[in-house]
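1. everything below, folded, please.
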Amino acid sequence: MSKKTFYILSLTWGFPMTIMGLIIASALTLCGITPTRWGTCWHFSIGEDWGGISFGPVMITQHMVGTYLKDHELGHAIQNCYLGFLMPIVIVLPSVIRYWYRFI
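-> Alright, predicted model coming up:
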């Protein structure tokens, strides 16, 4: 998928997750956290020992992660392009439930 296609799909079909990501990215930037680029995504690094999460083209991970987790979150950004409005129901909600189930 080209960068142009990624951003067009993120801003149209994947709009719900993308708008949340842009709001979160704005807040993190205002707090002084500078993003880096990872593929087609903006990557923010925060905290320790929790993993990561993607909101369209914005991904947030813990500090000191390897390429595996960054690539995993980039994969969710690409899934957002394909699943669009279904992304929160099909991927996000089950992932959050599984994370908290394992945590508890």
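
2. tell me which element R37 falls in.
-> Element membership for R37 (DSSP states H and E) is strand 36-38.

3. list the buried residues in that strand.
-> Buried residues in strand 36-38, counting neighbours by 16 or more other C-beta atoms under 10 Å, are found at W38. All C-beta atoms are positioned from the backbone trio N, CA, C, and that covers glycine.

4. with stretch 22-30 instead?
-> So, applying 16+ other C-beta under 10 Å, buried residues of stretch 22-30: 22, 24-25, 28.

5. may I ask which two of those are separated the most?
-> Using C-beta to C-beta, the two most remote members of the buried residues of stretch 22-30 are L22 and L28, lying 10.8 Å apart.

6. helices of this structure, start to end?
-> Assigned helices in the chain, in chain order: 3-11, 15-30, 67-83, 87, 93-103 (criterion: DSSP state H).

7. ok, which of the ones you listed comes nearest G39?
-> With C-beta to C-beta as the yardstick, what comes closest out of the helices of the chain is helix 67-83 (4.8 Å).

8. and the contacts of whichever helix or strand comes after that closest one?
-> Once the chain leaves helix 67-83, the next helix or strand it forms, by DSSP H and E, is helix 87. Helix 87 is touched from outside by 14, 16-17, 79-80, with contacts defined as C-beta atoms under 8 Å, 6 or more residues apart in numbering.

9. quickly run through the sheet partners of the strand holding R37, with directions.
-> Using DSSP bridges, the strands paired with strand 36-38 are strand 41-45 (antiparallel).
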